[in-house]
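Engineer: Give the three-dimensional model of this entry:
(chains A and B)
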2 protein chains.
Amino acid sequence: MRLSRYFLPLLKETPSDATIASHKLMLRAGMVRQNSAGIYTWLPLGFKVLKKIEQIVREEQNRAGAVEMLMPTIQSADLWKQSGRYDAYGPEMLRITDRNDREMLFGPTNEEMLTDVFSSDVRSYKDLPKMLYHVQWKFRDERRPRFGVMRGREFLMKDCYSFDLTPEDARKSYHKMFVAYLKTFQRLGLKAVPVKAATGPIGGDLSHEFHILAETGESEIFCDKRILELDPIGDVDFDSDLSEIVEARTRLYARADEEHEGWNFEDLPEDQRVSARGIEIGHIFYFGTKYSEPFNAKVQGPDGKPTAVEMGSYGIGVSRLVGGIIEASHDENGIIWPEDVSPFDVGIINLKSGDEDCDRVADELYQALIAAGLDPLYDDTSDRGGVKFSRMDLIGLPWQIVIGPRGLKDGIVELKHRRTGERENLSPEAAVAKLTG
Amino acid sequence: MRLSRYFLPLLKETPSDATIASHKLMLRAGMVRQNSAGIYTWLPLGFKVLKKIEQIVREEQNRAGAVEMLMPTIQSADLWKQSGRYDAYGPEMLRITDRNDREMLFGPTNEEMLTDVFSSDVRSYKDLPKMLYHVQWKFRDERRPRFGVMRGREFLMKDCYSFDLTPEDARKSYHKMFVAYLKTFQRLGLKAVPVKAATGPIGGDLSHEFHILAETGESEIFCDKRILELDPIGDVDFDSDLSEIVEARTRLYARADEEHEGWNFEDLPEDQRVSARGIEIGHIFYFGTKYSEPFNAKVQGPDGKPTAVEMGSYGIGVSRLVGGIIEASHDENGIIWPEDVSPFDVGIINLKSGDEDCDRVADELYQALIAAGLDPLYDDTSDRGGVKFSRMDLIGLPWQIVIGPRGLKDGIVELKHRRTGERENLSPEAAVAKLTG
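Structural biologist: Residues are numbered from 1 along each chain as shown, chains lettered A, B, ... in the order given. Have a look, this model is predicted:
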């Protein structure tokens, strides 16, 4: 993409309510723009990151055997009255009356709706297990929206729902999602800590939150240091028994504030105790028949008797992750994207647009990188070098190639690594080779 | 995908309000399920088609130079009061009050919002032209939702907005979108007729609707037969002058009911007049400064004076297209997908699941097709052959491979082409070769 054809409106000054790094940086880097309290437009740069994260989440859900579908944003209030959550949900639920005076709402989650769809279509235990998910915009009318996309009102969430015949099978589905979550966060360049969680208003008896550690986290996390040192998970056969992977991560102590048991944590040797702020990026629940009973989601069991299905639900805050990744990965100059979620692979800075040599080499590099399957952002504007440097640092692409008349005299360009700041002088061909090799 | 792991809940009986083919077939084939009037869940099969269409729309938008972003579904009423459309839009607009008694609405379109975003960020004529688009769920509270996803209340739409300095430049942007639309519909296997349209409540003085001809269309189309006989458009350089391509399609007569001029149509020789029902699948507008004036979306012109930008907007009904394609392509046995939007490339029918040979050959074929980059749906259930045949016809994949014990004795399987019904006996290897060749 040529910057002159892109839409990257940087902000010089951020509003005073932007107090955390990700909120400030997303505004400054032209990733989002606020439309109303807690409601954002995703400008092209932010949108690209959002889509990359969504795609990684999707791939790992598919790998775990979940099947994608899509439920609408607007739901009938009747469903929520049937589950008893219509009144319980309180003012966070955005309630709507349509032109025919029917009570509707903008869905904050989809347990009711999917259980309803499922119950009308699945009849036999032979159709189980099933895991179905969607990635859809949700709305929670937060009392105090803040921290940019981290606690917005309209937000993108992946929610998956599992349906099993027995509690043992449900536990297997739970394990699949647990492992899929670890793999997802790994690919996003994040170290996620699963902490034992209370089940809250969704109900059930088995639940974990996934947190990343960052100074601006909303929760206090207490965990055994060894959790942070576990090896990454490699290839997994999701049809195999996954309990060992799960247990290696759940038998070590890890809790957020509400669930923290001081006496248990203090049993650990002092140098093994970690307490830090955490940002919740995922939450998984097993809740048995809490929804299948009221929605009559029953299948004929092997014994011929109708059996309420065992369910779980599994959420990842996709839009929140954009902020979470920035909280975990930035410096005083701006964002530092992990390679797999970076909006572009590499930035090209032409220090002297209009100069024949600079333009030619920059154009050739741009074309060569595209031909090699990379996605470069080419700053072909007439801005000054200083503006181009700081803009490229701010938006945080992993690599920068700087083309200037002085270097070109010796046939060289500069390759800069955003995270380490390391710079290297080399020929344009060598730069392409290094990036694509 | 193995059918046993998928979620494909077919419907035997369709509700009486499903009167047109696409509505019936989408329900029967387990593509969608209605949640409330005009609000649908996209089940996995329908979701896949929706995403394929969205992706083709996206690719052609990008090729034309438009940049993708994403605006929220919930908008502030203030924006619409500023443009004067808040009262004008009437009861089709879903109006919402949030917990702080602010007036909000579920966006039916985004002219106001994007003009507002644009005006706060673009300052100079040097930043123009710009074309920005998004693909987002919209809501129109139809008085009488019907025809399934063809006239639903919550629907997926691609809307693009162009910003130019002069009317001449705006016309160039209009031409780019005009050609991008023709190419998009071509790739979707549709013959779209651009008809001159009234500009209606959006305003402006240049507008076209794109219609496909189908018996169940809501509009009456009158056009010169030669429009239907034009050659498809090949590769296009969107930076070149596109007026010739556009004029070749607009100088021939084509109008929908309201705009029809009988005297003009009747000038055509009788065998050159086509009158037929049409389904609107796209609509493009040039509307000048209708929104840029009230939102003060001005740039500094080359003369240093502030100039209101010239705008256009360009919509494609993405979810509506799913129904539109089915209306244009089905038979008495079910849907017939054009290859590029088919949810799977090929169906594998194992006529005797549990039989060692049949299972082995079906598994091998399934793996070979995946290895070759195809996306097969493998019916590995224990249902009877008749059930499998009619299910595969109903969901309309372009190709079917049938594996039965009788054929396997001679080392052959049957390859069936869904559209023509042609069948061919050949070895499993030859079947793979034919599909991937």
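
Engineer: Look up which helix or strand the residue of the stretch 201-350 of chain A found nearest chain B falls in, please.
Structural biologist: Closest contact between the stretch 201-350 of chain A and chain B, by CB to the nearest CB, is at residue A:319 (9.9 Å). For glycine as for every other residue, the C-beta is placed from the backbone atoms N, C-alpha and C. Following DSSP states H and E, one finds residue A:319 within helix A:318-328.

Engineer: how about that helix as PDB, C-alpha atoms only?
Structural biologist: Taking Å, rounded to 0.1, in the frame of the first residue of the first chain, the C-alpha atoms of helix A:318-328 are listed here in PDB:
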ATOM      1  CA  VAL A 318     -11.100  -9.900  19.900                       C
ATOM      2  CA  SER A 319     -11.200  -6.100  19.900                       C
ATOM      3  CA  ARG A 320      -9.900  -6.000  23.400                       C
ATOM      4  CA  LEU A 321      -6.900  -8.000  22.300                       C
ATOM      5  CA  VAL A 322      -5.800  -5.200  20.000                       C
ATOM      6  CA  GLY A 323      -5.400  -3.000  23.100                       C
ATOM      7  CA  GLY A 324      -4.000  -5.900  25.200                       C
ATOM      8  CA  ILE A 325      -1.200  -6.600  22.700                       C
ATOM      9  CA  ILE A 326      -0.200  -2.900  22.600                       C
ATOM     10  CA  GLU A 327      -0.100  -2.800  26.400                       C
ATOM     11  CA  ALA A 328       2.200  -5.800  26.400                       C
END
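
Engineer: Would you mind pulling up the elements that it packs against?
Structural biologist: Helix A:318-328 is packed against helix A:21-28, helix A:44-63, strand A:154-164, strand A:206-213, strand A:273-288, with contacts defined by 3 or more CB pairs under 8 Å, 6 or more residues apart in numbering or on different chains; DSSP states H and E.

Engineer: Let me have those in a markdown table, extended by mean pLDDT.
Structural biologist: Shown next, in a markdown table, are the helices and strands packed on helix A:318-328 (pLDDT from 0 to 100):
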| stretch | mean pLDDT |
| --- | --- |
| helix A:21-28 | 97 |
| helix A:44-63 | 98 |
| strand A:154-164 | 98 |
| strand A:206-213 | 94 |
| strand A:273-288 | 95 |
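
Engineer: Throw the ones you listed into JSON lines and include mean neighbour count and distance to chain B, thanks.
Structural biologist: Shown next, in JSON lines, are these (neighbours: other CB atoms under 10 Å in any protein chain shown; distance: least, CB to the nearest CB, whole Å):
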{"stretch": "helix A:21-28", "mean neighbour count": "23", "distance to chain B": "12"}
{"stretch": "helix A:44-63", "mean neighbour count": "20", "distance to chain B": "5"}
{"stretch": "strand A:154-164", "mean neighbour count": "24", "distance to chain B": "5"}
{"stretch": "strand A:206-213", "mean neighbour count": "23", "distance to chain B": "24"}
{"stretch": "strand A:273-288", "mean neighbour count": "21", "distance to chain B": "20"}
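
Engineer: Buried residues, the worst-scoring helix or strand of chain A on mean pLDDT. List them.
Structural biologist: Ranked by mean pLDDT, DSSP states H and E, the weakest helix or strand in chain A is helix A:262-265, scoring a mean of 86. Residues of helix A:262-265 classed as buried: residue A:265 (neighbour count, 16 or more other CB atoms under 10 Å in any protein chain shown).

Engineer: Kindly format the C-alpha coordinates of it as PDB.
Structural biologist: The C-alpha coordinates for helix A:262-265 follow below in PDB (Å, rounded to 0.1, in the frame of the first residue of the first chain):
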ATOM      1  CA  GLY A 262      -3.500 -15.900  50.400                       C
ATOM      2  CA  TRP A 263      -2.700 -19.000  52.600                       C
ATOM      3  CA  ASN A 264      -2.300 -21.100  49.500                       C
ATOM      4  CA  PHE A 265      -0.100 -18.700  47.600                       C
END
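
Engineer: coming back round to it: would you agree the residue of the stretch 201-350 of chain A closest to chain B is in contact with residue A:156?
Structural biologist: Yes: using CB atoms under 8 Å, residue A:319 makes contact with residue A:156 at a distance of 4.1 Å.

Engineer: anything in contact with each of the two?
Structural biologist: By CB atoms under 8 Å, 6 or more residues apart in numbering or on different chains, residue A:319 and residue A:156 have these common neighbours: residue A:50.

Engineer: Quick check: which ranges of chain A have low pLDDT?
Structural biologist: For chain A, applying pLDDT under 70 flags the ranges A:200-205.

Engineer: domains for it, by residue range?
Structural biologist: What automatic domain parsing lists as the domains of chain A is A:3-335, A:344-436.

Engineer: start to end distance for the first one?
Structural biologist: Yep, that's domain A:3-335 we're talking about. End-to-end distance for domain A:3-335: 18 Å, by CA to CA, to the nearest Å.

Engineer: Any idea how many residues pack against residue A:370?
Structural biologist: 13 (other CB atoms under 10 Å in any protein chain shown).

Engineer: so how far is residue A:1 from it?
Structural biologist: From residue A:370 across to residue A:1, the span is 10 Å (CB to CB, to the nearest Å).

Engineer: thinking again about what came up before, any chance of the domains of chain A in CSV, with distance to residue B:347 too?
Structural biologist: Listed next are these as CSV, based on distance: least, CB to CB, whole Å:
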stretch, distance to residue B:347
domain A:3-335, 17
domain A:344-436, 32
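
Engineer: helix, strand or coil for residue A:377?
Structural biologist: At residue A:377 the chain is in strand, as set by DSSP: H, G, I helix; E, B strand; the rest coil.

Engineer: follow-up on the earlier one: check the offset of the least confident helix or strand of chain A from the chain's centre.
Structural biologist: 31 Å (CA atoms, centre = their mean, to the nearest Å).

Engineer: quick one: contacts of that helix?
Structural biologist: A:222, A:253, A:255, A:273.
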